[in-house]
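# Dropping a prediction and its sequence here:
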Amino acid sequence: MLSTLLFLILALSSLVSAGAMIYFKQPINSALSFIITLLSIAGLFALLGGSFLFLVQIIIYAGAVVTLILFIIMFLNIKEENLPHEPYKARWILFMTLLVSPFSAILISTVNSIKFAPLHLENFGSIKAVGMELFTEWILPFEMISILLLIALIGVVILAKKEKSHD
Amino acid sequence: MIDVGSFFILGILLFSIGIVGMISRRNIFVMYMSVELMLNAINLILVALSHHYEDLNGQVMAIIIIAIAAAEASIFLALFVMLFKNARSLDANFFELLKQEKHND
């Protein structure tokens, strides 16, 4: 009963803040409502028993990625005339919703035809279990991610460095 | 009473909102956050599957997706800073300027 109530609250807040995120004109309002979406999804991870993933979602997504977005938005000093001119934004969103909703209706009816077991609340995604899985079976993807992060670091430094003047 | 299917339906709805935001907006920050929203919806479905099968592989995949999204965020934001320096605008239509400037060198 408690898990149903928690699921309803978290699902409603994530859907409402995601809808607000794509509607706001100012990017800083979108980023702030995106934080609410991410925290609600972290709560849903905890409801599904992934306690380590709950921590990772809060620390990396809400703590690092969205903070980086907010930092860049404040650093760029965006004025009203820098924003794109979107006079038909609400009409576009309505039209795309009408276009996308049949596909999600098909997916939802497919999911509804499957019989699932009810939610059992036990913590099986503890840090030890996830770490054992990550460092035994998934060791190659783990090492490849370190190379990917190094490549991203080098790429960002090359993109952000000042260009030499050609005179 | 909720089951794993409710999490699937929520993931599908969040993914659809991400698609709608990606296509109908021209502000690059909102487009980028829509991509992140789609990644989060996929993560939610993976964790729900992991709970359904009582298998930890889904959670490990979600952790790897989060690491890739963090690498992606740095490159996206460096591109946004470059675009804003060149065009003084957040309009996604100005992304063609990056190509032209490379051509003029």
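Structure's in. What do you need? Numbering: from 1, shown residues only, chains lettered A, B, ... in the order given.
# ok, which stretches of chain B are helices?
B:4-24, B:28-53, B:57-87, B:96-104 (DSSP state H).
# Quick check, central residue of chain A?
A:Leu38 (5.6 Å; CA atoms, centre = their mean).
# can you tell me the helix or strand for it?
Element membership of A:Leu38 [criterion: DSSP states H and E] is helix A:27-47.
# which element follows that helix toward the C-terminus?
helix A:51-56.
# That following helix: which residues count as buried?
A:Ser51, A:Phe52, A:Leu53, A:Phe54, A:Val56 (16 or more other CB atoms under 10 Å in any protein chain shown). All C-beta spots, glycine's among them, are computed from the backbone N, C-alpha and C.
# What is the neighbour count of B:Leu83?
20 (other CB atoms under 10 Å in any protein chain shown).
# now A:Phe124
Residues near A:Phe124, counting by other CB under 10 Å: 17.
# Check the gap between it and B:Arg26 for me.
Distance, A:Phe124 to B:Arg26, by CB to CB, to the nearest Å: 44 Å.
# Identify the residue spatially nearest to residue 26, adjacent ones excluded.
Answering for chain A, as no chain was given. Excluding the flanking residues, the one nearest A:Gln26 by CB to CB, 6 or more residues apart in numbering or on different chains is A:Leu83, at 7.5 Å.
# think we crossed wires, I meant chain B
Nearest non-adjacent residue to B:Arg26 (CB to CB, 6+ apart): A:Pro84, at 4.4 Å.
# Ramachandran coordinates for that neighbour?
phi -70, psi 150 (degrees, to the nearest 10).
# ok, it touching B:Phe29?
No - look at A:Pro84 against B:Phe29 with CB atoms under 8 Å: they stay out of range, at 10.4 Å.
# So which of those two has more stuff around it?
Between A:Pro84 and B:Phe29, counted using other CB under 10 Å, B:Phe29 has the larger neighbour count: 25 against 17.
# Need the per-residue pLDDT for the more buried one.
Reported pLDDT at B:Phe29 in the predicted model: 92.
# Nearest residue to it in space, please, no chain neighbours.
Excluding the flanking residues, the one nearest B:Phe29 by CB to CB, 6+ apart is A:Pro27, at 3.8 Å.
# residues in contact with the one you found?
The contact partners of A:Pro27, taken as CB atoms under 8 Å, 6 or more residues apart in numbering or on different chains, are A:Ile73, A:Ile78, A:Leu83, B:Asn27, B:Phe29, B:Val30, B:Leu90.
# Which residues are in contact with the second one?
Meaning A:Ile78. A:Pro27, B:Leu90.
# is it true that it lies in a helix?
No - per DSSP: H, G, I helix; E, B strand; the rest coil, A:Ile78 lies outside any helix segment and is coil.
# mean confidence for stretch A:4-20?
94.
# one step back: in CSV: the helices of chain B, plus distance to A:Pro118.
Output for these, formatted as CSV (distance: least, CB to CB, whole Å):
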stretch, distance to A:Pro118
helix B:4-24, 9
helix B:28-53, 11
helix B:57-87, 19
helix B:96-104, 51
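# ok, and the closest non-adjacent residue to the residue of chain A found nearest chain B?
Nearest residue of chain A to chain B: A:Ile22, at 3.2 Å (CB to the nearest CB). Spatial nearest neighbour of A:Ile22, excluding adjacent residues (CB to CB, 6+ apart): B:Gly21 at 3.2 Å.
# that older thread, of the helices of chain B, which shows the lowest average pLDDT?
helix B:96-104 (a mean of 57).
# where does chain A have low pLDDT?
Under the criterion pLDDT under 70, the flagged ranges of chain A are A:121, A:123, A:162-167.
# May I ask you to name the longest helix in it?
Longest helix in chain A, counting by DSSP H: helix A:89-112.
# So that helix, near chain B or not?
Yes - using CB under 8 Å from any CB of the partner chain, helix A:89-112 reaches chain B at A:89, A:92-93, A:95-97, A:100-101, A:103-104, A:107-108, A:111-112.
# packing partners for that helix?
For helix A:89-112, the packing partners by 3 or more CB pairs under 8 Å, 6 or more residues apart in numbering or on different chains; DSSP states H and E come out as helix A:2-23, helix B:4-24.
# rewinding a little: among the helices of chain B, which comes closest to A:Pro141?
Minimum separation from A:Pro141 across the helices of chain B (CB to CB) falls at helix B:57-87, 5.7 Å.
# Thank you kindly, that will do.
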